[in-house]
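# Build the 3D model from these lines:
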Amino acid sequence: MRTDILPIGLYEENIYILHDDGHILIIDPSRYPKKILSQMISGEVADGIILTHGHSDHTMAADDLADALHCDIYMNPEDFALTDPKAGRIDGTESPIYHKIKDLKSGNMKIGVFSLTIYHTPGHTAGSSCIRYKNLLFTGDTLFAGDCGRTDLYSGSEEQLIQSLHELSQLPKDLTVYPGHGPASSISQELKVNPYLH
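Residues are numbered from 1 along each chain as shown. Predicted structure coming up:
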């Protein structure tokens with residue numbers, strides 16, 4: 001197993017590419033699809049693209065990658081309004097996705113060879129989700145190293161974010177945390193230093 005981390009884009013958002021057993025899973029492809037595709041090894045199969053939430057700095061390469069790789073896009077349906085091409089302007093954080101998006105359901109979910117656990121963690125947006133694969137936890141803009149996501153944008157909720165962070169604090173301490181922006185951490189480290197987990 002290998003995890004590529006590409007901190008690219010206007011806000012240095014983290015794009016993640018999981019490689020396992022000849023397959024890849026892409027999480028939060030913000031921009032620069034050619035750079036993302038260059039990380040693939042010859043013969044690898046793309047099983048899917050997961051969006052932790054619907055803000056454009058995590059989604060803008062999704063259509064191009066889905067075209068190039070012939071794979072599905074997944075996101076919690078609570079955030080579909082942020083990517084609906086027929087929707088009007090909401091708050092400037094949205095960007096249309098023209099491919100059909102499949103539901104990212106809470107609980108255990110298999111996408112290709114990847115057996116995942118999906119946590120619905122509303123607060124930053126109504127549909128924000130965290131994705132666990134083995135000992136890795138991809139937290140989008142819900143949890144950062146030493147910080148957490150903002151709640152003042154469309155469908156954000158401080159009350160819901162506090163509850164979501166509490167739920168994350170109960171996860172195994174040895175999980176590596178890969179956030180949507182900034183450096184990696186762990187649940188153990190965040191319990192020590194992150195004021196939002198107390």
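# Tell me where the model's unsure across this protein.
9-10 (pLDDT under 70).
# let's go with 80 and repeat that
9-11, 88-89 (pLDDT under 80).
# Centre-most residue in this protein?
residue 52 (2.8 Å; Cα atoms, centre = their mean).
# beta partners for the nearest residue to it once chain neighbours are set aside?
Counting by Cβ to Cβ, 6 or more residues apart in numbering, residue 52 lies nearest to residue 140, which is 2.8 Å off, once chain neighbours are set aside. (C-beta placed from N, C-alpha, C; glycine too.) When bridges are called by DSSP bridges, residue 140 pairs up with residue 179.
# so where's the longest helix in the protein?
helix 158-169 (DSSP state H).
# Who are the packing partners of that one?
Packed against helix 158-169 by the contact rule (3 or more Cβ pairs under 8 Å, 6 or more residues apart in numbering; DSSP states H and E) you find strand 114-120, helix 187-193.
# Flag every buried residue along the last one.
Residues of helix 187-193 classed as buried under the neighbour-count rule (16 or more other Cβ atoms under 10 Å) are 187, 190.
# so what does that helix touch, helix or strand wise?
helix 158-169, strand 176-179.
# what's the most buried one of the ones you listed?
When the helices and strands packed on helix 187-193 are scored by mean count of other Cβ atoms under 10 Å, the highest mean neighbour count falls to strand 176-179 (a mean of 22).
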